[in-house]
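Visitor: Below is the sequence, then the predicted model.
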Amino acid sequence: MRRTALFSGILLAALIGLAGCSGDEAAGAEGAAGGPPGGMQLPVETVTIEPRPLQAGLDTVGSLRADESVIVRPEVAGRVQRIHFTEGGTVRAGQPLFSLDASLARASYNEAAANLENSQRANARAEELAKDQLIARSDADNTRAALAVDRARVASAQAALEKMTLTAPFSGQVGLREVSVGEFVNVGQDLVTLVRLDPIEVDFSVPETALSQLRQGQNVRLTVDAFPDDTFGGEVVAIDPVVDAGSRSASLRARVPNPDGRLRPGQFARLQLQTGDGGNALMVPEQALMQDGETRYVYTVVDGKAKRTPITTGTRVPGFFQVVEGLKAGDVVITAGQAKPMMQDGMPVVSVPPGGAAAAGQGGQGAGEQAPAGAAPAASSEAAPAEAPADASADSQ
């Protein structure tokens, strides 16, 4: 009897132990399937979606170019006698830039002018004599022809003399000069660059599919890396009538006011071509957008829990996507914290100030602070791999 009672006690203890183990396993499985145990709330950042004006447009990139630009080159060879400008300064149209040694050209002009004066007197005498029939009419015609030749020679000599002074063809800013006083320059040699910076132009291309949306006078907005916080506005002034056969794109040119000269030719620019007023639309921050294959979705907050909500997107503007289907005004969308490995449909969440979601997720301890007494952080770490691969890949979009 004593041995039977001892055996029964041992069997009862074993059954109790097995029941306890199975209970722990069930609790662990429940935590893995439904997120962290103990009612822990995942800290996230949110924004309430409201309709906002949408300016429909096309995003593209382009390159800035000067409205007018020329490299000043001499038409005749000569020695530089004087430079009339300061490097990097501004000049007016018609202002002298370089003076070449004009001594030979001036001498040729003076000779031609003297011959012209002599021809004028000879022609006047011949006309008087021919009028009185004292000389043949052919002699008078010869003096008239000689006068015309001398006039042409004077004009040629004067043009050669004027070419010894190089002037600005338009008002603008000069660059760095390539020559010095006393240097001999040849025909066509580069001397200095002259550009007009106000207004400045930008060349860019758009896909041929957007041809129906293009017209002169359209507004453009652009930014450059040198001034990332400033936006510059302009308008389209020309559309190339030929579509590039290689890129299947149309080239456009826009003009942008540049009174302070901050924009420079050659700079890279990011542009948005305004193609019309899109009215009001629901716009979601681009950091809230997730993607799984071809499906785009966001996490919204419903009754304190995250809800995976598929959406259809439309126009993209800097920092935002238009939501065509899937959301309505007043929906609360998670903008930060939705890419954490433990995030899943039905996950309890709590909204924190901007930057709080990232801080709370460091090492998992911030999330643990949101859990009530008795929550098990280890259990939440076991449930983490549930949807991490899909969300992580979507967040990269």
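Guide: Arrived safely, thanks for sending. Not measured: the values here are computed from a predicted model.
Visitor: Ser108 contacts Ala159, doesn't it?
Guide: No: between Ser108 and Ala159 there is no contact, the gap being 10.9 Å when judged by C-beta atoms under 8 Å. For the C-beta atoms, the positions are set from N, CA and C on the backbone; glycine is no exception.
Visitor: For these two, indicate the residue with more neighbours.
Guide: Remark: of Ser108 and Ala159, Ser108 carries more neighbours, 18 against 13, as counted by other C-beta atoms under 10 Å.
Visitor: would that one count as being in a helix?
Guide: Yes: checked against DSSP: H, G, I helix; E, B strand; the rest coil, Ser108 lies within a helix.
Visitor: what's the helix or strand for the closest residue to Asp101 other than its chain neighbours?
Guide: Spatially, and ignoring its direct neighbours in sequence, Asp101 is nearest to Arg79 (4.4 Å; C-beta to C-beta, 6 or more residues apart in numbering). Using DSSP states H and E, Arg79 falls within strand 78-83.
Visitor: can you list contacts of that strand?
Guide: Strand 78-83 has contacts (C-beta atoms under 8 Å, 6 or more residues apart in numbering) with 97-102, 164, 177, 179-185.
Visitor: From the chain's centroid, how far away is that strand?
Guide: Using C-alpha atoms, centre = their mean, to the nearest Å, the mean C-alpha position of strand 78-83 is found 42 Å from that of the whole chain.
Visitor: could I get it in CSV with only the CA atoms?
Guide: The C-alpha trace of strand 78-83 is given here as CSV (Å, rounded to 0.1, in the frame of the first residue of the first chain):
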residue,chain,number,x,y,z
GLY,A,78,47.5,92.6,-82.9
ARG,A,79,49.1,93.4,-79.7
VAL,A,80,46.9,94.1,-76.6
GLN,A,81,47.4,97.7,-75.7
ARG,A,82,44.8,98.1,-73.0
ILE,A,83,42.2,96.2,-71.0
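Visitor: could you point out which element follows it?
Guide: strand 90-91.
Visitor: what comes into contact with that following strand?
Guide: Against strand 90-91 from outside (C-beta under 8 Å, 6+ apart): 85, 97, 168, 171-174, 194.
Visitor: Show me what secondary structure element comes after that strand.
Guide: Next element after strand 90-91 (DSSP H and E): strand 96-100.
Visitor: what about this structure, any weak spots by pLDDT?
Guide: Scanning the chain for pLDDT under 70 picks out the ranges 1-39, 54-57, 276-279, 318, 355-397.
Visitor: Could you rerun that using 50?
Guide: Residues of the chain meeting the criterion pLDDT under 50: 1-7, 10-11, 14-16, 18-35, 37, 362-397.
Visitor: So which other helices or strands are in contact with the lengthiest strand in it?
Guide: The residue-count maximum for a strand in the chain (DSSP state E) belongs to strand 51-72. On a contact count with 3 or more C-beta pairs under 8 Å, 6 or more residues apart in numbering; DSSP states H and E, strand 51-72 meets strand 192-207, strand 219-224, strand 268-285, strand 305-317.
Visitor: so what strands line up beside that strand?
Guide: Using DSSP bridges, strand 51-72 pairs in its sheet with strand 192-207 (antiparallel), strand 268-285 (antiparallel).
Visitor: returning to that earlier point: now the two most distant members of the contacts of strand 78-83.
Guide: Greatest spatial distance in those: Ala102 and Arg177, 19.5 Å, computed using C-beta to C-beta.
Visitor: For the nearest residue to Arg137 once chain neighbours are set aside, list the residues it contacts.
Guide: Nearest non-adjacent residue to Arg137, counting by C-beta to C-beta, 6+ apart: Ala130, 5.4 Å away. Residues in contact with Ala130 (C-beta under 8 Å, 6+ apart) are 136-137, 139-140.
Visitor: what's the helix or strand for Ala130?
Guide: According to DSSP H and E, Ala130 maps onto helix 103-131.
Visitor: and that helix, how far out from the chain's middle?
Guide: 64 Å.
Visitor: Beta-bridge partners for the residue nearest the centre of the chain, please?
Guide: Nearest to the mean C-alpha position of the chain, by C-alpha atoms, centre = their mean, lies Arg270 at 1.1 Å. Beta-bridge partners recorded for Arg270 (DSSP bridges): Val61, Thr223.
Visitor: wait, it sits on Phe227?
Guide: No: the pair Arg270 / Phe227 is not scored as a contact, 11.7 Å apart, by C-beta under 8 Å.
Visitor: end to end, how far does stretch 211-223 reach?
Guide: 23 Å (C-alpha to C-alpha, to the nearest Å).
Visitor: Buried residues, it. List them.
Guide: 218, 220-223 (16 or more other C-beta atoms under 10 Å).
Visitor: helix or strand for Gly330, which one?
Guide: Gly330 belongs to no helix or strand when assigned by DSSP H and E.
Visitor: repeat for Glu45
Guide: Here Glu45 is assigned to strand 42-48, by DSSP H and E.
Visitor: quick one: strands adjacent to that strand?
Guide: With DSSP bridges as the test, strand 42-48 pairs up with strand 332-336 (antiparallel), strand 349-351 (parallel).
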